[in-house]
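S.K.: Return atomic coordinates for the entry below.
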Amino acid sequence: MPLGTLDRTPPPFFRQGPSALTKLVFFSALAVFLMVADARFRMVEPLRAGLAIVLLPAQQALLVPIEMLSGGADYFQGLRAALQGERQARAQLAEQADKLARAQQLAQENERLRALLELKPALVVSSIAAEVMYEATDPYSRKLFIDRGQAQGVALGSPVINEAGVLGQVTRVYALTSEVTLLTDKDAAIPVLNTRTMQRSAAFGGANDGGGMELRFTSANADVKPGDTLHTSGIDAVYPPGLPVARVLTVERRVESGFARIALAPAASPDGVRHVLVLQPLSAQLPPRPEETAAPEEKQKRQGSGRP
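M.R.: Next up, the predicted model:
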């Protein structure tokens, strides 16, 4: 074989290129350059966006089995919850139907008894829906401002309630807004009725640093227990009777005092309330008092007789 035809290149095992240290330095410098370029000059963002667009179909295809598994599990779980909710709704509907039938029967009996005793029909209280705008900034009082005022028919002294019970009373009326003093205010008071014993008393605010209520002027031997519910009694001609006011928390009977210290929890929490109802005071629907009607007549008699 002629010598010119021999392959003089070394085999791959003995072929030497750049050293390992040179490769390490080169690729380290390249990595640092790419990181700096990406962080400062955003040079790699077009490449990253292009790769994301190219790989999106593959990502979506790989996510299909996972979505099918999770979607199937959610479907069966939702179906089970829907069936359980339907059973509970049917049970509640049957229970409410029973209560409705009893309520209708009681309403008919009430109407017959009122007609038999010649009692006047119950007063119908009108209401105005309002939204709470903000709370007063005074740290020593508990007051709210609502977006309904004299222009919408809000009267001074109107009760303010929500779905849980009585919140307070309108104490100042402006043209388009009103100020509501909450039951937890230190100057607030409301007549209440214990639904268990039918005993009337008065609840006052300002207990527990303005965050609670208390039942004052109750004798130490009064029949009051923790858990008793207090509703409005309606004797003040302001609040309609039967509205939830508070619940008895603790009863502390002291030997040296003739009155018990009774702490209450308001039925309607003013924290986080957004929408309220402003009720018309009962005094607006009641007939005038005898002394109020007799005063103009006496004044006319004096004018007719010439007396001052």
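S.K.: what is the rounded mean pLDDT of the helix or strand that L106 is a member of?
M.R.: Here L106 sits within helix 45-117, counting by DSSP states H and E. Per-residue confidence for helix 45-117 averages out to 83 on the pLDDT scale.
S.K.: Now the following helix or strand past that helix: buried residues?
M.R.: Next helix or strand after helix 45-117 toward the C-terminus (DSSP H and E): strand 127-135. Neighbour-count burial for strand 127-135, counted by 16 or more other C-beta atoms under 10 Å, picks out 128, 130, 132, 135. Any C-beta I mention is one placed from the backbone N, CA and C, and that applies to glycine too.
S.K.: In CSV, list these along with distance to G168.
M.R.: Compiled in CSV, the buried residues of strand 127-135 are given as follows (distance: C-beta to C-beta, whole Å):
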residue, distance to G168
I128, 15
A130, 12
V132, 11
E135, 12
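S.K.: Where does pLDDT dip in the chain?
M.R.: Screening the chain residue by residue with the criterion pLDDT under 70, one finds the ranges 1-17, 118-123, 208-211, 285-308.
S.K.: tell me the domain ranges of it?
M.R.: Partitioning the chain according to automatic domain parsing yields domains covering residues 20-122, 127-284.
S.K.: Deepest in the core, which of these is it.
M.R.: Neighbour counts (mean count of other C-beta atoms under 10 Å) averaged over each of the domains of the chain peak at domain 127-284, with a mean of 17.
S.K.: show me what contacts L183?
M.R.: L183 makes contact with 166-168, 190, 203, 205, 213, 245-246, 266, according to C-beta atoms under 8 Å, 6 or more residues apart in numbering.
S.K.: Check for me that P226 belongs to a helix.
M.R.: No - assessed by DSSP: H, G, I helix; E, B strand; the rest coil, P226 does not belong to a helix; its assignment is coil.
S.K.: Distance check, T22 against M35.
M.R.: 21 Å (C-beta to C-beta, to the nearest Å).
S.K.: my bad, should have said R216
M.R.: For R216, the distance to M35 - C-beta to C-beta - is 73 Å.
S.K.: which residues in the stretch 201-308 of the chain form strands?
M.R.: Along the stretch 201-308 of the chain, the stretches classed as strands by DSSP state E, counting those that start in this stretch are 212-216, 229-232, 244-252, 261-266, 275-279.
S.K.: out of the ones you listed, nearest to L56?
M.R.: For the strands of the stretch 201-308 of the chain, the distance to L56 is smallest for strand 275-279, at 46.0 Å, taking C-beta to C-beta.
S.K.: tell me what that closest one is packed against?
M.R.: Counting contacts by 3 or more C-beta pairs under 8 Å, 6 or more residues apart in numbering; DSSP states H and E, the secondary-structure elements packed against strand 275-279 are strand 127-135, strand 159-161.
S.K.: export those to JSON lines and tack on distance to E95?
M.R.: Formatted as JSON lines, those follow (distance: least, C-beta to C-beta, whole Å):
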{"stretch": "strand 127-135", "distance to E95": "28"}
{"stretch": "strand 159-161", "distance to E95": "26"}
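S.K.: quick one: which of these is nearest L63?
M.R.: When those are ranked by distance to L63, counting by C-beta to C-beta, first place goes to strand 127-135 at 44.4 Å.
S.K.: partners of that closest one, with directions?
M.R.: strand 143-146 (antiparallel), strand 275-279 (antiparallel) (DSSP bridges).
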